[in-house]
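**Q** Mind folding the following:
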Amino acid sequence: MSKVFIVTGASRGLGLSIARALLRDSHTVFLVARSEGELRKLKSQHGDAVDYASADLADLKVSELPVIRLVLFILVVILLYCVHED
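**A** You can find the predicted model right below:
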């Protein structure tokens, strides 16, 4: 069953490896990273399975971007769900 994942730091290192593994397993990913180059490359290779935002999540002003606010909200919901999961 295909799922949707949010991957931060997806332009290099562990984040990029996770994104590639999820795409290899036919999942859909929303990628966030400061560098747009690798994100654009993954989008061109995988089409509709990839959407992305180029942003620095450490920059507080980035939270003003609607898509980033949505991503942060989803992450909080996931964390709260995991904390309350028995």
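**Q** C-alpha from now on. contacts and neighbour counts both.
**A** Noted.
**Q** What is the subsequent helix or strand relative to the strand or helix carrying residue 21?
**A** Using DSSP states H and E, residue 21 sits in helix 13-24. Toward the C-terminus, helix 13-24 is succeeded by strand 28-33 as the next helix or strand (DSSP H and E).
**Q** what comes up buried for the very next helix or strand once past that next one?
**A** Sequence order places helix 37-46 as the next helix or strand after strand 28-33, per DSSP H and E. Residues 39-40, 42-43, 46 are the ones in helix 37-46 that count as buried (16 or more other C-alpha atoms under 10 Å).
**Q** Could you dump these into JSON lines and include pLDDT?
**A** Below are the buried residues of helix 37-46 laid out as JSON lines (pLDDT from 0 to 100):
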{"residue": "39", "pLDDT": "94"}
{"residue": "40", "pLDDT": "95"}
{"residue": "42", "pLDDT": "95"}
{"residue": "43", "pLDDT": "95"}
{"residue": "46", "pLDDT": "96"}
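**Q** Wait, a strand at residue 5?
**A** Yes. Assessed with DSSP: H, G, I helix; E, B strand; the rest coil, residue 5 lies in a strand.
**Q** Wait, it touches residue 27, no?
**A** Yes. Counting by C-alpha atoms under 8 Å, residue 5 touches residue 27, with 7.5 Å between them.
**Q** if we can go back for a sec, may I have the helix holding residue 21 exported as CSV, CA atoms only?
**A** What follows is helix 13-24 as a C-alpha-only set of coordinates in CSV (Å, rounded to 0.1, in the frame of the first residue of the first chain):
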residue,chain,number,x,y,z
GLY,A,13,22.7,12.8,3.4
LEU,A,14,20.2,10.7,5.4
GLY,A,15,17.2,12.7,4.2
LEU,A,16,18.1,12.2,0.5
SER,A,17,18.7,8.4,1.2
ILE,A,18,15.3,8.1,2.9
ALA,A,19,13.5,10.0,0.1
ARG,A,20,15.1,7.7,-2.5
ALA,A,21,14.2,4.5,-0.6
LEU,A,22,10.6,5.7,-0.2
LEU,A,23,10.3,6.5,-3.9
ARG,A,24,11.9,3.1,-4.7
